[in-house]
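> kindly return the folded structure for what I paste below:
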Amino acid sequence: MNNEDLKSFKHIKHIPIRYDDLDTMGHVNNKAYLAFLEEARIDFHQKVFGLSDMMKFSMVVAKIEINYMRPVLYGDNLFAYSKLNKLGNTSFEILTCFVIKKSEEEYIKVSDANVVLVNINTKTGKSVPITEIEKEKLMAYK
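Alright, predicted model coming up:
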């Protein structure tokens, strides 16, 4: 994977690898990817929606799919590249590609994930339409 392949992704988040993220084989454990996704997703939401208080965010995770391609090791320079993948009436999907940056020209894709979020009414817990303003903001990250 090269830098050109990643240009369609408008959101980038560096993900530091902690020793605690490793399994007994010295690879990043699959459970760590959920935390990585959360970290990238919160940063994505803050940038897209200009949020300073995530406690007022009313979109919840409905589905996560993760594909693992290569192991990640302690010390690897890991980045999450995210973009809007699909936009519906009450939900949207974020595609995130995890890559190890070897050099300015060389990136190795190690995993990708799709996360579906649903906009809810926090009092009723029922899904509600995403506003037109929110849709415009999301489309800027497609």
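> low-confidence ranges, this protein, go.
In the predicted model, the chain carries pLDDT under 70 at residues 1-4, 52-56.
> which parts of it are helices?
Applying DSSP state H to the chain gives helices spanning 30-49, 132-139.
> for those, which one sits closest to V99?
Ranking these by proximity to V99 (C-beta to C-beta) places helix 30-49 first, at 11.9 Å. C-beta: built from backbone N, CA, C; applies to glycine.
> what residues sit buried inside the longest strand anywhere in the chain?
Counting residues, the longest strand in the chain under DSSP state E turns out to be strand 107-119. Applying a neighbour-count criterion of 16 or more other C-beta atoms under 10 Å, one finds Y107, K109, V110, S111, D112, A113, N114, V115, V116, L117, V118, N119 buried in strand 107-119.
> turn the helices of the chain into JSON lines, including mean neighbour count.
Listed next are the helices of the chain as JSON lines, based on neighbours: other C-beta atoms under 10 Å:
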{"stretch": "helix 30-49", "mean neighbour count": "17"}
{"stretch": "helix 132-139", "mean neighbour count": "13"}
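> dump these to JSON lines, plus distance to L22.
Shown next, in JSON lines, are these (distance: least, C-beta to C-beta, whole Å):
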{"stretch": "helix 30-49", "distance to L22": "8"}
{"stretch": "helix 132-139", "distance to L22": "34"}
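> and of the ones you listed, who's closest to T24?
helix 30-49 (12.9 Å).
> ok and the closest one relative to strand 107-119, angle-wise?
Angle, helix 30-49 to strand 107-119, by axes from the mean of the first three to the mean of the last three C-alpha atoms, to 10 degrees: 70 degrees.
> other SSEs contacting helix 30-49?
Judged by 3 or more C-beta pairs under 8 Å, 6 or more residues apart in numbering; DSSP states H and E, helix 30-49 is in contact with strand 11-15, strand 59-68, strand 78-87, strand 91-101, strand 107-119, helix 132-139.
> ok, and what's touching that helix?
Helix 30-49 has contacts (C-beta atoms under 8 Å, 6 or more residues apart in numbering) with 11, 13, 15, 21, 51-52, 54, 57, 59, 64, 66, 68, 78, 80, 82, 94, 96, 98, 111, 113, 115, 134, 137-138, 140-141.
> thanks a lot, see you next time.
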